[in-house]
Every structure is written in C-alpha cells, then in structure tokens.
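Asks: Prediction below, plus the sequence it came from.
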Amino acid sequence: MNASALIAEDEPLLAAALRAELAQAWPALRIAAVVGDGRSAVAQALRLKPEVLFLDIRMPGQSGLEAAAELADEWPADTPFPAIVFVTAYDQYAVQAFEAQAVDYLLKPVQPERLARTVRRVQQVLAQRSPADVAAPLEHTLTQLRALLAPAVAASPSAPLRVIQASVGNQIRLVPIDEVLVFEAADKYVRVLTADAELLIRTPLKELIPQLDASLFWQVHRGTVVRATAIHSVHRDEAGKLSLDLRGLNQRLPVSRLYAGRFKAM
C-alpha cells in the first residue's frame, strides 16, 4: 500500500533507526519529513498532509499528545485525518492508556516484530476508510484524544484551588477563584482574567488544570479554560467553528474541535 508519513522524534539516532526499520517493514511508505519537535510536527503535517504520523510522546516545546490535539483542531475538513502512532519510552501508564483507547504505539527502542504488527494495523485502518466519509477519522481521533488527555483532570485534588496568588509589581495580589472568568496560556505565563483585571501567573496551564474544580472550570481550547457559569452564549460560524461569549468579558473565545462536544443543546 502506498502512503506518506511524517516522523516526529527529537533524538536523531532513534529517528534514523525508525526510518530504516520502516523501509524494511513498509517499502511503499514514503517518509515525507522527519522533525525534532512538536511545533515542527504540526507545521509540517499541515503543509504535507501525510496519511500516517509517528509522534514521539516527549518532545521539546510540545508533546506528541499536544501536537496531535493541535492538529485535530487545525486539520482541514476536506482531508482525511492521518492515522497516528505514538512512540514512547516504556511507561506503564502510557501503555495502558493507549491500549484502552485502541491507539497504536511503539516502545523505544523499536522492535522489528512490533513495528511489523503496527504497520499491518495502520494499513488495515487506511484500507477501511471510506472516501465518502472524510470526517470519520477525525471524529474517531478526537474521541481517543479526549480520553487520553482526561486523566490530568481526573486527578484533581479533593480540595480544589480557592485563591490565585499573582505578582503585581512589588505586591502579591490574592484573587478569589470565584472571580476568575478565564485562564489563558500566554508564552511562559498564564493570563488570569476577571471582570475588572488581567493578571499573570507563572504556573503552567497543564499544572493549573488539575487544581481546578472540573465541574466549574471547563477547558475549551488547548490554551484556554473558562468558568462554565460565566458562559453567556455559544456561536457557530459558517465553517462550523464554535466561539463563546462570557458575562463580564468583552472578547469572544474560540472553542477547539477537541472540546466542541461540551456544547450540545440539552
């Protein structure tokens, strides 16, 4: 079966080894690009639109899961979403999570026998895809990614965060969590938006989310968490993309495909 693939691996020797093993296991597979970080993986995948992605879980700047989530949000609606194979060092949790979601994975160092099984599985997935239903592969991937990303929220502490401590000049301002409307990732900081203030904190969003009450704060984008009770309305544009209006906030916030399922009429 002819197909193209992208390899995202930050260790050049491992990337070269995987490419060599793929040449043996799947001679008709064309390697469209080899990149060393998650952001490059997203950019090149959107440009080249390969049928298969081999994504290392741990990469500089953006993990394989985060890259997959961004791709799912940005992928053009008229193109079938790639089959994804995650590559990881041995991690029992990761392996159990991937198996539970029927997501294929490879353990480092990649073994020829395991790679051969993965190749057969990916070829079967590609062969079974219907040209008439372009959206199905993406919807299937979104379901898997939601489940894989969910454990970070499920691990929330029994006593959620009640106060945000933010530096303002030479002072530390204490903001009750009940006043927060939005947490938004911004470079090395997280913006904390209330109805009358904007503050910056250094705690990364991925570390902040498990400290929040998941029933009150909803992640709506890979870099945005909003207070659910502040949502006034949900808008859908001509392309089908959703955005939110929040009470007390004069800006509209985009909703990614990954979290669009939250907003269905009851």
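Replies: On my side now, so go ahead.
Asks: Could you use CA atoms for every contact and neighbour count after this?
Replies: Will do.
Asks: what's the weakest-modelled helix or strand in this structure?
Replies: helix 151-154 (a mean of 45; mean pLDDT, DSSP states H and E).
Asks: Next one: residue 49 relative to residue 4, how far apart?
Replies: Using Cα to Cα, to the nearest Å, one gets 8 Å for the distance from residue 49 to residue 4.
Asks: So those two - more neighbours on which side?
Replies: Legend: neighbour count by other Cα atoms under 10 Å for residue 49 and residue 4, higher for residue 49 (20 against 17).
Asks: Restrict stretch 118-126 to CA atoms and write it as CSV.
Replies: Extracted in CSV, the C-alpha atoms of stretch 118-126 (Å, rounded to 0.1, in the frame of the first residue of the first chain):
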residue,chain,number,x,y,z
THR,A,118,1.8,-1.8,13.8
VAL,A,119,2.3,-1.4,10.0
ARG,A,120,-0.3,-4.1,9.4
ARG,A,121,-2.7,-2.4,11.7
VAL,A,122,-2.2,1.1,10.2
GLN,A,123,-2.6,-0.4,6.6
GLN,A,124,-5.8,-2.0,7.7
VAL,A,125,-7.1,1.3,9.1
LEU,A,126,-6.2,3.2,5.9
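Asks: Pull out the buried positions in the helix or strand residue 40 falls within.
Replies: Element membership for residue 40, per DSSP states H and E: helix 38-48. Of the residues in helix 38-48, 38, 39, 40, 41, 42, 44, 45 count as buried by neighbour count, 16 or more other Cα atoms under 10 Å.
Asks: Check stretch 27-40 too.
Replies: Result for stretch 27-40 [16+ other Cα under 10 Å]: buried residues 29, 30, 31, 32, 34, 35, 36, 37, 38, 39, 40.
Asks: what's the spacing between that stretch and its chain's center?
Replies: 19 Å (Cα atoms, centre = their mean, to the nearest Å).
Asks: Ok, stretch 249-256 next?
Replies: For stretch 249-256, the distance to the chain centre is 19 Å (Cα atoms, centre = their mean).
Asks: And residue 76, how far from residue 88?
Replies: 27 Å.
Asks: ignore the last one, residue 220
Replies: On the measure of Cα to Cα, residue 220 and residue 88 end up 27 Å apart.
Asks: re the thing from before, can you tell me what sits against the helix holding residue 40?
Replies: The contact list for helix 38-48 (Cα atoms under 8 Å, 6 or more residues apart in numbering) reads 6-8, 32-33, 35, 59-64, 66-68, 70-71, 74-75.
Asks: Sort out which of these are buried, if you could.
Replies: Counted by 16+ other Cα under 10 Å, the contacts of helix 38-48 give 6-8, 32, 35, 59, 62-64, 66-68, 70-71, 75 as buried.
Asks: sorry, back to before: out of the contacts of helix 38-48, which sit inside strands?
Replies: Mapping these onto strands (DSSP state E) picks out 6, 7, 8, 32, 33, 35.
Asks: a strand runs through residue 133, doesn't it?
Replies: No - using DSSP: H, G, I helix; E, B strand; the rest coil, the assignment for residue 133 is coil, not a strand.
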